[in-house]
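[1] Quick one: sequence and predicted model below, then my questions.
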Amino acid sequence: MSHVIWSQWEDLVVPAGFTKLTPTSTPLDSADLSAITFYVPQYMGGRKALLHVPNMPSLQYLQVPNAGFEDAVEFLRPGMVLCNARGVHDASTAELAIGLAIAARRGFAQFGADQINGQWNHKRYPSLNDSKIGIVGAGSIARTIGRYLAPYDVDVTYFSRSANDGAKAISEIDKYLPELDIVILALPLNAESKDLFDAKRLGLMKDGSTIVNVARGPIINTEALIAELNSGRLFAGLDVTDPEPLPAGHPLWSAKNCVITPHVGGDSTAFESRGKRLVEEQLARLAAGDALINIVAVG
């Protein structure tokens, strides 16, 4: 069966008989989209990129370029297949997670402020090494974070809902929090994980410990986190926030001991080659009549 594919890549390789559309040939805001059967929303296009789906009556496959897919579910129609980009962002997100852990733990927030003010304030902060680290999530990003931590002198414990593959159950995390130096969040946002780290759970964390969030902002209760940060008891490295984007003047911007990046975990030069490779593999599978990978929902 022939397919009509829309993606952001002008140099995407598609199987013989397939038609390739791009922003140059087919602008989404003005072109006829009725023939598209396989749609890859523009990376970092947000909800605006998904709003074109209702204008694609022939669409059969929605391949989002993110690992997270919860915002795309509402656009599914009966029979439509939704795939995510599991694996594509592992390397980039894992390196940022470790970078945020080091930045938060070693006082980069204060040192950055001191640099702006031209002040040389020598101060000792905790090391990443010799830390007990809890990684909440056991998917490919979480496992890559653990793999990237291998050269450090750290003790890593995974926590997941299923408690498979050596992970502890998330339901048991409270008894471990008082001993963990760093908690890294790399799990999906859903009804169970929203506000997973509320005031009570943040209060169980060890004095001087660090929480890193490369998952979704609402997994941490923002008000409770701000209170802990401003007390000086906890450190945080946040690539995601609630709300997001974080508005100017929000108290999280000025919270103590906090390093914030604007949701750039997967958005590095590592994305292009990996994202395009995934789409090309999916199209090759379609041409061969094989099942797609990374199917997360069917309308």
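    That came through, no problem.
[2] thought E70 was touching N190?
    Yes. Contact criterion CB atoms under 8 Å: E70 and N190 qualify, at 7.3 Å. To be clear about C-beta, it is placed using only N, CA and C from the backbone, and glycine gets the same treatment.
[3] okay, and the common contacts of these two?
    Both E70 and N190 lack any common contact, where contact means CB atoms under 8 Å, 6 or more residues apart in numbering.
[4] Could you break this protein into its assigned domains?
    The chain breaks down into these domains under automatic domain parsing: 4-88+268-298, 90-260.
[5] Endpoints of the shortest one, how far apart?
    Spelled out, it's domain 4-88+268-298. End-to-end span of domain 4-88+268-298 (CA to CA, to the nearest Å): 20 Å.
[6] N121 touches A113, doesn't it?
    No. Look at N121 against A113 with CB under 8 Å: they stay out of range, at 9.3 Å.
[7] does A35 belong to a helix or a strand, and which?
    Under DSSP states H and E, no helix or strand contains A35.
[8] Show me what I260 bridges to in the sheet.
    Judged by DSSP bridges, the bridge partners of I260 are L238.
[9] give me the low-pLDDT residue ranges for this protein?
    For the chain, no stretch is flagged by pLDDT under 70.
[10] can you do 90?
    Residues of the chain meeting the criterion pLDDT under 90: 1, 46, 67-71, 138-139, 164-165, 188, 299.
[11] For it, which residue occupies the most central location?
    A215 (4.5 Å; CA atoms, centre = their mean).
[12] correct me, but that residue touches D242?
    No. Counting by CB under 8 Å, A215 stays clear of D242, with 11.1 Å between them.
[13] for this structure, longest helix please?
    If you go by DSSP state H, the chain has its longest helix at helix 270-288.
[14] Just after that one, pick out the following helix or strand.
    As assigned by DSSP H and E, the chain's next helix or strand after helix 270-288 is strand 295-298.
[15] now the strands for the protein?
    Counting by DSSP state E, the chain has strands at residues 4-6, 19-21, 38-39, 61-63, 81-83, 132-136, 155-160, 168-169, 182-185, 210-213, 235-238, 258-260, 295-298.
[16] Turn the ones you listed into CSV, including mean neighbour count and distance to A104.
    Formatted as CSV, the strands of the chain follow (neighbours: other CB atoms under 10 Å; distance: least, CB to CB, whole Å):
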stretch, mean neighbour count, distance to A104
strand 4-6, 23, 40
strand 19-21, 18, 43
strand 38-39, 26, 38
strand 61-63, 23, 34
strand 81-83, 20, 34
strand 132-136, 23, 13
strand 155-160, 19, 17
strand 168-169, 14, 23
strand 182-185, 28, 9
strand 210-213, 28, 5
strand 235-238, 27, 4
strand 258-260, 21, 5
strand 295-298, 14, 31
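[17] picking that back up, so which bits of the longest helix of the chain are buried?
    For helix 270-288, a neighbour-count test (16 or more other CB atoms under 10 Å) marks 270-271, 274-276, 278-280, 282-283, 286-287 as buried.
[18] Could you do stretch 6-19 as well?
    For stretch 6-19, by 16+ other CB under 10 Å, it's 6-9, 12, 14, 18-19.
[19] The residue lying closest to G232 once chain neighbours are set aside - how many residues pack around it?
    Excluding the flanking residues, the one nearest G232 by CB to CB, 6 or more residues apart in numbering is K256, at 6.0 Å. Neighbours of K256 under the rule other CB atoms under 10 Å: 16.
[20] separation between K256 and V136?
    Distance check for K256 against V136: by CB to CB, to the nearest Å, it reads 23 Å.
[21] do the same with E244
    Per CB to CB, E244 is found 19 Å from V136.
[22] circling back: now, among the buried residues of stretch 6-19, which is nearest to A31?
    W6 (9.3 Å; CB to CB).
[23] For L12, see how far away the closest residue to the closest one other than its chain neighbours is.
    Excluding the flanking residues, the one nearest W6 by CB to CB, 6+ apart is L21, at 4.4 Å. Computed with CB to CB, the distance linking L21 and L12 is 10 Å.
[24] Between these two, which contacts overlap?
    Contacts common to L21 and L12, judged by CB under 8 Å, 6+ apart, are I5.
[25] Next one: the residue nearest to the centre of the chain from F69, what distance?
    Distance, A215 to F69, using CB to CB: 13 Å.
[26] No further queries at this time; thank you.
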